[in-house]
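# Sequence isn't available, so here's the structure alone:
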């Protein structure tokens, strides 16, 4: 059996549904799982997410979430639980397991992945397959800090060697799953650089149709042939596009950190972004993005705002107590 899964909180379910629907369209015979790291919301129909099943991470891994919810932010926490989910799906009897980030849309069957897994234990996709230029951001030197391979996608077979590797990876991300580039940490991603070093049968998939994203646009151009998409030539189908850090509210920007490309200077990618935007909106993006997540540390801005409110309340209460004492003649 084969299963693919993604992880997100409620506010990212429009993305997860877009991924689930696109994956199932190309792979109707394979199971797709949405793992939710949040509390159930009455505003969401969890039976209408396009997935074969939904897993509730706070229930499945209660002690883990409770123990780390104040250590990591929501994005960090979603990556920290990833190895546990691989292990869980292995125990459920799946022989092959794929992880796919929720901000991905699948455009065509992932044929090369399943072919590679016939003779390999792991399939990785590199951020880039050729050097970038020397001006702008991100460049190849920047990507070294976040990992040679992008963990928006990972495919593995259920073998003793993979189980041992995932167990090691699990321990590392629980202890060091931070987004702290100054200390050399970047979620769960950097650890998979050890994959080809620790394992004999790792396939690095350099097919340019996989994991196309803002960071590799220097080497990839979209060809739109009647809404069938290719990369560079019609011999290379677009397998999936990774819309990492894309926020439709910020167009023509495609990612806050990308200083090289946008929707104005790269007209070839406009069609795939317009399509993605329309799907997100159709999948209730506007309402879902407003739902605040329950687990994980809140961003510093929100924490500061909450602290400020708390301090104002305390000050007002102290002033009230002084007034009461004066009125009572104490």
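All right, it came through fine. These numbers come from a predicted model, not from an experiment.
# If I look at residue 298, what pLDDT would I see?
Listed pLDDT for residue 298 reads 74.
# My error: substitute residue 144 in the last question.
pLDDT, read off for residue 144, is 88.
# What about it, how many residues nearby?
12 (other CB atoms under 10 Å). Glycine gets a C-beta too; all of them are placed from N, C-alpha and C.
# so which helix or strand takes in it?
helix 140-146 (DSSP states H and E).
# Are there helices or strands packed against whatever helix or strand comes next after that helix, and which ones?
Next in sequence after helix 140-146, counting helices and strands by DSSP H and E, comes strand 153-157. The contact analysis (3 or more CB pairs under 8 Å, 6 or more residues apart in numbering; DSSP states H and E) places strand 153-157 against strand 96-100, strand 122-124.
# Present these as a markdown table; the columns should include distance to residue 188.
As requested, the helices and strands packed on strand 153-157 are exported to a markdown table (distance: least, CB to CB, whole Å):
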| stretch | distance to residue 188 |
| --- | --- |
| strand 96-100 | 10 |
| strand 122-124 | 13 |
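# okay, these in a markdown table with mean pLDDT, mean neighbour count and distance to residue 176 next?
As requested, the helices and strands packed on strand 153-157 are arranged in a markdown table below (pLDDT from 0 to 100; neighbours: other CB atoms under 10 Å; distance: least, CB to CB, whole Å):
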| stretch | mean pLDDT | mean neighbour count | distance to residue 176 |
| --- | --- | --- | --- |
| strand 96-100 | 98 | 24 | 19 |
| strand 122-124 | 98 | 24 | 20 |
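# Among the ones you listed, which comes closest to residue 10?
Residue 10 lies closest to strand 96-100 among those, at 18.6 Å (CB to CB).
# Mind giving me the packing neighbours of the helix or strand that residue 203 is a member of?
Per DSSP H and E: residue 203 is located in strand 202-204. Contacts defined by 3+ CB pairs under 8 Å, 6+ apart place strand 202-204 against strand 122-124, helix 195-198.
# hmm, who's touching whatever helix or strand comes next after that strand?
Downstream of strand 202-204, the first helix or strand assigned by DSSP H and E is strand 212-213. Contacts to strand 212-213, defined as CB atoms under 8 Å, 6 or more residues apart in numbering, come from residues 127, 150, 152, 220, 222, 231, 238, 240, 241, 242, 243, 244.
# isn't the third one right up against residue 105?
Right, residue 152. No: applying CB atoms under 8 Å as the test, residue 152 and residue 105 come out as separate, 11.7 Å apart.
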